[in-house]
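Novice: Build me a model from this:
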Amino acid sequence: MKKLFRKVKNKLSRALLLLACIPLGIGFVVLALVSRFAKRPIDVGLGPEPMINNIYHKKALRHAGYSVETFVSHIYFITDDFDVKCIRKNLVTASMRLMVMVLFRYRCIYIYFNGGPLAWSPLKRLEPYLYKLAGVKVLVMPYGGDVNDMTRCPNYAFRHALVSDYPLFQKFRRPHIVRQIERWTEHADIVLSGCDWVDYTYHWDVLTLAHFSIDTTGTRAVFDAGRHEGPLRILHAPNHQMIKGTKYFEKAVAELREEGVDVELVVVSRVPNHEVRRLIATCDVIADQLVVGWYAMFALEAMAAGRPVLCYLRQDLIDLYTFAELVEPDEIPIIQCNTRNVKDVIRDLARDREKLAAIGERSRAYAVKHHSTEAIGALFDRLNRKMGIAPRGR
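Specialist: Purely as a prediction, here's the structure:
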C-alpha cells in the first residue's frame, strides 16, 4: 500500500510540475521568437558544462577569427576560468537565467549531449525547438559521461570499471542518457564524434580523433625525459581510479622496485589543472589510462610538453581512424600498454631511457598536427561555415 501511495504521489508531483512549466515554456517560446530579430554580439558560446576543453576550444575559435565566450551554471575543481559564471544555489534558476542570455547573445553554441542551459530544468525537452525558433545554430559533441550508455559498449573491462567507480550511474542515469543522445542527434545542426565515443553516438556528421584541443604555443616543450640520474619518474593523475587502471600502474611499479628497477610513480588526484601541468614538466613519462581504449586531455597536455605517454589504445579504434584517414598507420606516438603488459613496458623504458626524448619529440609533433588550437580552430571554422556562421568582418 505504501509503495502504491508513493507511485501516485510521484505521478501527481510530476503532473503538477508540468502544469507549472506551461507558462514558463510559453514565455521561452516568445523570447526565442523575439531573439530571432536581435543582433547577437558573440559568434560562439561554449557551455554550460564546466569542461576545461571549452577553455581550449575558445582559444581555437579565436585563432580562427571568431568572437567567443564560455558560460557555466556550476564549476568543478579543475578550473573556474570561464567568462560567464551564473552560479546559483538553485541550479534550475541559474539554468533559466543562462538560457535567456544564450538566446540573445550567441549566434551559435557548442554544447555536450547533456544539453544547453535548460539541461537542469523541466524544460529540457523544449530546448532544441527554442534554438530553431531563435535561429541559434547548435554543434553537439560528447565528453564521456554524457553518452556512456554501456549497453552499447563493446569494452567489458570499461563496463566493469565504470560500475566500480560509479555503482549507481548506469542504473539510474542510462534512460536519461539514451534520451539525450536521441534528442541532440536529431536536432543539432552538427554532431561531432570521435575517441571511444563512437561506441555510443550512432550517428555523426563529423568524425575526429577526439575534439580535444591544446594550446601548444602556450606550452613549453622540453625533450629531456629520462636524461637524468635517479629514478624514472612516472606521473599518473586519475580522476576515476578503476577507469584509469590506477591499481595496475601501482602494482607494476611496486613489483619493479622490489626487483631493483629504479622507478618512481607519482600519483595525484583532484588537483587544479595548473598544478598538473607543473608536475608533467618534472616527470619523465606520463601514465594516462589502461582501460578505456583511447587518449584524452591529460595525455595531450603531456604530449604538448614533449613527454612520452603510456596508454591503452583499442586496436579497433586505431583501425577506424586509420580507415577514415585521420591518422597514418603507426603515426600515433603513444607507448601502447595494457593491464597485462604494463610492468614489462615500464621495465623496458627504465632500462632504455635514451629513446624517451625521441618519443617526446614525436608526441609534441602529433599534438601540434592534430590537436593544437590552430588545427582544431581550422576544423571548427569549416563546421561553423557549414552552419552559415562566419567570423564577422571576413
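Novice: Check the spacing between the residue nearest to Gly230 when sequence neighbours are not counted and Pro308 real quick.
Specialist: Spatial nearest neighbour of Gly230, chain neighbours left out: Asp262 (7.2 Å); criterion: Cβ to Cβ, 6 or more residues apart in numbering. For every residue, glycine as well, the C-beta is placed using N, CA and C. Remark: distance between Asp262 and Pro308 (Cβ to Cβ, to the nearest Å) = 17 Å.
Novice: Among the two, which residue is more densely surrounded?
Specialist: Shown here are Asp262 and Pro308; by other Cβ atoms under 10 Å, Pro308 has more neighbours (26 against 13).
Novice: got the contact list for the more buried one?
Specialist: Ala225, Asp284, Val285, Ile286, Ala302, Pro333, Ile335, Leu349, Leu356, Ile359, Gly360, Ser363 (Cβ atoms under 8 Å, 6 or more residues apart in numbering).
Novice: Now it: closest residue in space that isn't a chain neighbour?
Specialist: Closest to Pro308 by Cβ to Cβ, 6+ apart is Ile359, at 4.1 Å.
Novice: That neighbour and Pro333 touch, don't they?
Specialist: Yes: counting by Cβ atoms under 8 Å, Ile359 touches Pro333, with 5.9 Å between them.
Novice: just to revisit the earlier point, select from the contacts of Pro308 the one having the most neighbours.
Specialist: Result: Ala302 is most packed of the contacts of Pro308 (other Cβ under 10 Å), 34 neighbours.
Novice: For it, give me its contacts.
Specialist: Leu235, Ile280, Ile286, Asp288, Pro308, Val309, Ser363.
Novice: how much space is there between it and Met101?
Specialist: Ala302 is 36 Å from Met101, by Cβ to Cβ.
Novice: can you pull the contacts of the residue nearest to Gly230?
Specialist: Gly230, Pro231, Leu232, Ala350.
Novice: show me what contacts the closest residue to His240 other than its chain neighbours?
Specialist: What sits nearest to His240 in space, not counting adjacent residues and going by Cβ to Cβ, 6+ apart, is Asp165, at 4.6 Å. In this structure, Asp165 makes contact with His240, Gln241, Met242, Ile243, judged by Cβ under 8 Å, 6+ apart.
Novice: Might you report the residue contacts of the first one?
Specialist: Right, the one you point to is His240. Ala161, Asp165, Tyr166.
Novice: related to what we said a few turns ago, can the contacts of Pro308 go into JSON lines with extra columns for pLDDT, secondary structure and distance to Thr322?
Specialist: As requested, these are exported to JSON lines (pLDDT from 0 to 100; DSSP: H, G, I helix; E, B strand; the rest coil; distance: Cβ to Cβ, whole Å):
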{"residue": "Ala225", "pLDDT": "73", "secondary structure": "coil", "distance to Thr322": "27"}
{"residue": "Asp284", "pLDDT": "95", "secondary structure": "coil", "distance to Thr322": "29"}
{"residue": "Val285", "pLDDT": "97", "secondary structure": "strand", "distance to Thr322": "25"}
{"residue": "Ile286", "pLDDT": "97", "secondary structure": "strand", "distance to Thr322": "24"}
{"residue": "Ala302", "pLDDT": "95", "secondary structure": "helix", "distance to Thr322": "23"}
{"residue": "Pro333", "pLDDT": "97", "secondary structure": "coil", "distance to Thr322": "15"}
{"residue": "Ile335", "pLDDT": "98", "secondary structure": "strand", "distance to Thr322": "18"}
{"residue": "Leu349", "pLDDT": "96", "secondary structure": "helix", "distance to Thr322": "25"}
{"residue": "Leu356", "pLDDT": "95", "secondary structure": "helix", "distance to Thr322": "25"}
{"residue": "Ile359", "pLDDT": "96", "secondary structure": "helix", "distance to Thr322": "20"}
{"residue": "Gly360", "pLDDT": "95", "secondary structure": "helix", "distance to Thr322": "23"}
{"residue": "Ser363", "pLDDT": "97", "secondary structure": "helix", "distance to Thr322": "18"}
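Novice: Can you tell me which of those residues is nearest Arg40?
Specialist: Ala302 (37.8 Å; Cβ to Cβ).
Novice: how close does the residue most central in space within the chain sit to Tyr106?
Specialist: For the chain, the residue nearest the mean C-alpha position is Tyr143 (3.4 Å; Cα atoms, centre = their mean). Separation of Tyr143 from Tyr106 (Cβ to Cβ) stands at 20 Å.
Novice: Equivalent analysis for Tyr295, please.
Specialist: In this view, Tyr295 and Tyr106 are 30 Å apart by Cβ to Cβ.
Novice: Tell me where the stretch 201-350 of the chain is predicted with low confidence.
Specialist: Along the stretch 201-350 of the chain, no part satisfies pLDDT under 70.
Novice: all strands for it, in order.
Specialist: 206-207, 232-236, 263-267, 285-287, 309-311, 335-336 (DSSP state E, counting those that start in this stretch).
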